[in-house]
Every structure is written in structure tokens, then in C-alpha cells.
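1. Generate coordinates for the sequence data below:
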Amino acid sequence: MGILRTAVQAVERATSGPLSGIATPEKWVEEWWTGGIQNSAGVRVDQETAMMYAPYFAGVRVISEDVGGLPLLMYERLARGKDRATTHPLYPLLHDAPNPMMGALAFRENLTGHCMNWGRGAAYVITHPRTGVIEELWPLRPDRLHVKCRRMGNGRFERWYQYLDDVNGIYANLAPGEVLFVGGVGDNGLGGHSIVELAANSIGLGLATEHYGAKTFDNNSAPGGILTHPDTVSDEARKRMRADWENLHRGINRAGLMAIMEEGVTWTSVGLPNDANQFLETRKLQVTDMSRWLRLPPHMIGDLDRATFSNIESQQLDYVSMALASWLTRWEQAIVTQLLLPEERARYFPEHLVDALLRGDTAARYAAYAIGRQWGWLSANDVRERENMNAIDGGDDYLVPLNMIPAGSSGSDGGRGRAVARFARALRGRRSWQARANVTDAWESKIADADQEVADLEAEKVGALVDEHLPAPKDEDTDGGRGRRSVLAFLAALRTLYAEDGPIAERMTGLWLPLFTSFAADVSTEAADEVGHEEAVDLSTWTRAYVKSHVGYRLSSSFGQLRKIADESEYDQVAADIVDRFTKWQDERPQEVARWEGTQLSNAASRETWKDAGVRSLKWVTQGSKTCPYCKKLDGRTTPIEDPFIGKGDELDGDADGEKLTAKRDTFHPPVHVGCDCQVVPVP
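-> Got it, this is the predicted structure:
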């Protein structure tokens, strides 16, 4: 009873309740060794035997392979549309391989099969011990995983898990963040129903029918009969006659052998033939019955009786949109709620690519592409991408009919035709970048005054920190003594001064936000007139983001320069070098910032306005004859408005041999270097 008691305790732990009491071990032994789910067919049905039933195995295979085979991608939400988030840590785990031993198909196929058989599929989540970034996902045995629910201290409920492996002696409580859990169809939110358990009678009937058919052929297709002798025979003689008959005629290998009757013995069949038993009809009905359980079109698991060329495509679409879509949604929602952080969910989301399963024949696809191309929501490269072909130059243009006009408007040339005409008239009327340049000239002095206030504040605040932490050195001050400690204290105070919520950031934001908002609005007005755009363009939100970005850059740049001086200068020279630096800022930086922002903000605000007006391409133009060799290389270059003129890391050749300028960022508009005063203009 010692081994039996241990086994009972293990089962009780795994199920949070006894299957049968210690006082009635015979019931437990029956459950342990026979297993399976009770069904009317009298055949043992469990997750293992159910997969031996061909229609059920075919259905599980279809759904799990399709779920695993579809690409699962992480996306980042954009202001309009989405983009593949290839740099997110989950992207390679979901798309390529969740662990070193499995590909993405095998992993998701495995867990989906577990969901169907056990009503739950789960994977163990391995994270980096310091960063918490998810690094691997490993499937867990569903028969050893048990889902629990507990009330937290705040009154909320939390799902947690027990993993009980008596074979290997593993008993673990797993927190929600350690498990990726995908449930099947359920009724309590903790798990799902096992299809094997719900369909036990249907599966059992199918297995019983297969067993019956096999035994029928084993008995030479004659399941029962009577040997008749005219006289009375003894028990010994009856046994010998039956044994001799079965040895000669039983089994498929002896089918068709000639029978020789002795002493008046005759054979009378009492079994019903298979057609009378409707054996084949029963087998077909079981395939249809299993398709109901799995929500599959019958042709997906081999029943083609009602499949035709006219309805097979409709059934395929119904399968994708109904049966498969629910499984894909379960996966996507499990990833969002269990693998993404709450602050990530508004930005990232997973999605399966089902386009391949929804593709029609060649003629239907090409007709759909033609419609999308004609009405402007597909470009040539969009179509080529869907057909697994490489992009071509000029293939990103979108075309629309020229006779299209906005709802409620009139005219035969269409809304876009009138916009192009206004654009051309504006250019003929000499509405050019010169008008924007005049606006910039008017604002540069205001920008310089604002930055002078910032520089004066920095001189005041940094000077106070120098006086407090960097006094004149004494003889005992050395790099490893009090002098170095003073420098470290100065840097700590300096970091606080240049923090995102510090006084420097507050003053810059307070000065720049209203100034740049008004400047951008004036530039936008001229830019809209330049292309004949009559609708108002609101750049206030864009300007707020622009100011925040540039405040962050200035804070980082100023702190970085002062920290470098503190790190590299001798202690007795640190204070003087820092004073020299912010004195230089007061004298020179306001005019430099005014020139830079005059070009930068003017071109950036113009580009945003033209995007709203529907302009598709921009051209780089230089001013005057003193343009540097780098800008001359860019003069006249045209690019789509969404693309940079120069990509990060690209190089521009100068006039001298080996002279190069390397772009530190994607450059969508001037300036490309300090002192650059180039402009961008719209291309009609």
C-alpha cells in the first residue's frame, strides 16, 4: 500500500481533490490503469487514443498546422497604419524560433494541439534575470499543468499555475508572468474544454467502428455462422470441429479457400453483411460529425462528397474567417495580455498574416489588384510585394482617376486636378521659398533673444555650482583626494540642473514653445500658399513634439560638454574651463541657434504642411554662389516626401580628395551641416 498511497497523493495534488478514497483503492486502480473518458461505445477514449482516430487527427492537424504555419508578426502602431516592430524582443521569438530547439511553426502547432486535446496550451517564459526581457518560450505538458485562481490583497483575482510532474519530481508554483497560457473554448475564464472529453462518444463510436471493421476482415468478412451436424456430437467433437474450421478459414489470408464438409456437416451464416449494417454510411457520417465538433468544412478532413469547384473556395474562406480566426485571436490576445507590458500595449500588437490563405485564383487576384491600383490604395510595389516579387524603381506611386472629386463639390476636372492647377498657378505667380525665407529672417532675432535668456540662466546656475563645489584648490588637493570628490559632487549637482524636469528645461520649454508655435504657423501659411492649399493646417501638436525633442537634445549636449571638461581638465583648471565654456555660450550660441533653427524649423514646418496638402515629392535647392561643396552635391536632388534626402551613415564627397561628410541622422530637409541655409521646395 506504500506505493499505492504515494500515487494517490500525487493524483490528489494534481487535481486538488481525490479521485477515489484510500478506503476503496480498487476504484482508483481502475481509473489509473484503464484511464480514458467514459463513453457509450465502450471504447477507451483519451488524448492518446483520440489521435488514432483519423477524422479527429486530421482536424487537429489542419488547425494546429495552419495556426503554426501562418507568420506571426509584432507591429508598431503609427499615426496612420502600422510598421513591423523587428527590433522588439518578441519579434524573433514569435516569427522565427521561441527557443534553441524549436521553430515557430513547431512551437505554435504544439500549443494549439494541446488546446484542442486538453483545453489548454501553455509555455514557460524565460526572462533575463536583470532586464526582465523575454528570451525564450518552452512548451509545458498540459496534463501536468493546473490552473488556479486566488484573491489578491486589493480584492482583485489573479490566475496562477501549479506544475506537478511526479515522474521527474517537479512541483512548482508559477506566477502569471512566467507562463504564456492559451485556452480553448471554456466557461470559467481559467481554461478551456477538452474537445476529446466533450466528443468522447463520437470519437469512441468512430474507434469502435474501426475496430469492428478490422475484426470483420480478420474473420474473413464472415463475422458469425453455424456448423450443423445431422447427429448429436459430444462437447469434445464440437470444440474440435470449430477449431478446425477457424484454422482453415479464419483471417484475410485464408479468404476464398475451398471448404470441404464431412459427414453431412453444413454451414449457415447468421451475420449481417456490411451493406445491411450500413457500415460505409456510418463511417462517412462520423467524418461529418467530427467536422461539426471542430468547426471545419468536411472537405478539410477528407469528405469531398459535397465539395465542388464552385463552392470549395467559399468553404475555404469560411474556414479562415470562422474556425481559424478564433484560434488566431486567442493567440494574439494571449500575447498582448501576458507577454507585453501594460505600457507597451498601446504601441505594439501581434497579428497573423492570413493573406496567403485568402488568395483566390490568378485571374481573381489580378482583377482585385487592378481595382486597387486604379482607385489608389495599391501601388505597383504593393502588388509586387503581395506576389512575392521585388520592388521596382518608381513603383511606389499611387494613381487615382483624374475625374475624382470630393463629395459635395462640382466641376469636371476633379478635386486633384484643381489642386494641381492651383499648385501650378502659385508657382507661376512666383510664390517660392523666398517668401518663407523672409518669414525666417523676421523670426531669427526673436529666437536669438530667447536663447540669450537660456544662456544667461545657464551661466548663473552653473556659476553657482562652480562656486559651491569647485573652490580654489589647496596644496593637499590631489586627483584622488578632496579635489576629485569635489568634481564628482559638482557633476551630480549638474546632472540635476540639466534634468528633464529641471530649471533649464523648464525655462527653455517656456520660451521656445510659444515662440516656435507662432514661427511654425507663419511658415505654414506661406508654404500652403506656395502650393495653392486653401485649407488651414494645424501644426500645434507637431510643434509641441518638436520643442520637446530639441529641449532634450540641448540638455544632453550642454551637460555632455560640461561633464567632458570636468573629466578631462586638471582640478585646478576645471572651474576656469567651465566658466570659459558658458561665457562662450553667452557670446556666440544665441546667433548660432537662431541661424540653425531658422533653417531647420522653416523647412520642417513646410514639409509637414505639404504632406497635409498632398504633395508627394520635394527638391533640395541651394542659395547663392557661396554654397559649400556638400550642399552643391545635393542641389536639385528630388525624393518622395516620406523619404530622406540622405540616410543615416551616408557620405557626401567634398571637393578635395578624401573629403567626406557623414550624415549623423536621416536628413529629410536642410540643414545638413552647421551653417547650411539650403531650402526644400515642393515638386508638382
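
2. quick one: the residue nearest the centre of the chain from Thr86, how far?
-> The C-alpha lying nearest the average C-alpha coordinate of the chain belongs to Met74 (CA atoms, centre = their mean; 1.7 Å). The gap separating Met74 from Thr86 is 8 Å, by CB to CB, to the nearest Å. Bear in mind the C-beta positions are built from the backbone N, C-alpha and C, glycine included.

3. what does Arg665 give?
-> 20 Å.

4. dump the residue contacts of the nearest residue to Val523 once chain neighbours are set aside.
-> Among residues not flanking Val523 along the chain, Ala605 sits closest, at 4.3 Å (CB to CB, 6 or more residues apart in numbering). Applying CB atoms under 8 Å, 6 or more residues apart in numbering to Ala605 gives the contacts Phe519, Ala520, Val523, Ser524, Ala527, Leu539, Trp542, Thr543.

5. Just the buried ones from those, in PyMOL syntax?
-> Buried subset of those, written as a PyMOL selection, criterion 16 or more other CB atoms under 10 Å:
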select buried, resi 519+520+523+524+527+539+542+543
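
6. what's the closest of the contacts of Ala605 to Val179?
-> Among the contacts of Ala605, Trp542 lies closest to Val179 (CB to CB), at 42.6 Å.

7. Identify the residues contacting the closest one.
-> Trp542 sits next to Ala520, Ala605, Glu608 when contact means CB under 8 Å, 6+ apart.

8. ok, 6 Å please
-> Glu608 (CB atoms under 6 Å, 6 or more residues apart in numbering).

9. if I look at it, how far off is His533?
-> 16 Å.

10. Next: Gly463.
-> Counting by CB to CB, the separation of Gly463 from His533 is 49 Å.

11. now His128
-> Look at His128 and His533: by CB to CB, they are 50 Å apart.

12. Between these two, tell me which one has more neighbours.
-> The neighbour count for His128 versus His533, taken as other CB atoms under 10 Å, is higher for His533 (22 against 10).

13. Can you list the low-confidence ranges for the stretch 401-550 of the chain?
-> Applying pLDDT under 70 to the stretch 401-550 of the chain flags residues 401-433, 472-484.

14. Strands of that one, start to end?
-> Here the stretch 401-550 of the chain has no strands by DSSP state E, counting those that start in this stretch.

15. ditto for the stretch 251-400 of the chain
-> With DSSP E, counting those that start in this stretch as the criterion, the stretch 251-400 of the chain has strands at 266-269, 348-352.

16. what is the mean pLDDT for the last one?
-> So that's strand 348-352. Average pLDDT, strand 348-352: 94.

17. Walk me through which strands that strand pairs with, and which way each runs.
-> According to DSSP bridges, strand 348-352 forms sheet pairs with strand 72-77 (antiparallel).

18. tell me the average confidence for the partner strand?
-> On average, strand 72-77 scores 93.

19. same question, stretch 567-580
-> For stretch 567-580, mean pLDDT is 83.

20. low-scoring stretches of the stretch 1-150 of the chain, by residue?
-> Counting by pLDDT under 70, the stretch 1-150 of the chain contains low-confidence ranges at 1-42.

21. What ranges does it have for its strands?
-> Taking DSSP E, counting those that start in this stretch, the strands of the stretch 1-150 of the chain run over residues 72-77, 82-84, 120-127, 134-139, 145-151.

22. how about the first one: buried residues?
-> Going back to what we said before, that points to strand 72-77. Using 16+ other CB under 10 Å as the test for burial, strand 72-77 gives Leu72, Leu73, Met74, Tyr75, Glu76.

23. Return the set of residues that bridge with the fourth one.
-> Meaning Tyr75. Using DSSP bridges, the bridge partners assigned to Tyr75 are Arg84, Phe349.

24. you'd agree it is up against Lys82?
-> Yes. With contact defined as CB atoms under 6 Å, Tyr75 and Lys82 form a contacting pair (4.3 Å).

25. what touches both of those two?
-> In contact with both Tyr75 and Lys82: no residue, using CB under 6 Å, 6+ apart.

26. mind checking the longest helix of this structure?
-> Using DSSP state H to define each element, the chain has its longest helix at helix 571-613.

27. Can you name the next helix or strand after that one?
-> Once helix 571-613 ends, the next helix or strand along the chain (criterion: DSSP states H and E) is strand 617-621.

28. Mind giving me the packing neighbours of the helix or strand following that next one?
-> Counting by DSSP H and E, the next helix or strand C-terminal to strand 617-621 is helix 629-634. If you count contacts as 3 or more CB pairs under 6 Å, 6 or more residues apart in numbering; DSSP states H and E, helix 629-634 packs onto no helix or strand.

29. how does it look with 8 Å?
-> Counting contacts by 3 or more CB pairs under 8 Å, 6 or more residues apart in numbering; DSSP states H and E, helix 629-634 packs against strand 651-653.

30. Give me the contacts around the strand it packs on.
-> Applying CB under 8 Å, 6+ apart, the contact partners of strand 651-653 are Pro629, Tyr630, Lys633, Leu634, Ile646, Glu659, Lys660, Leu661, Thr662, Ala663, Val672.
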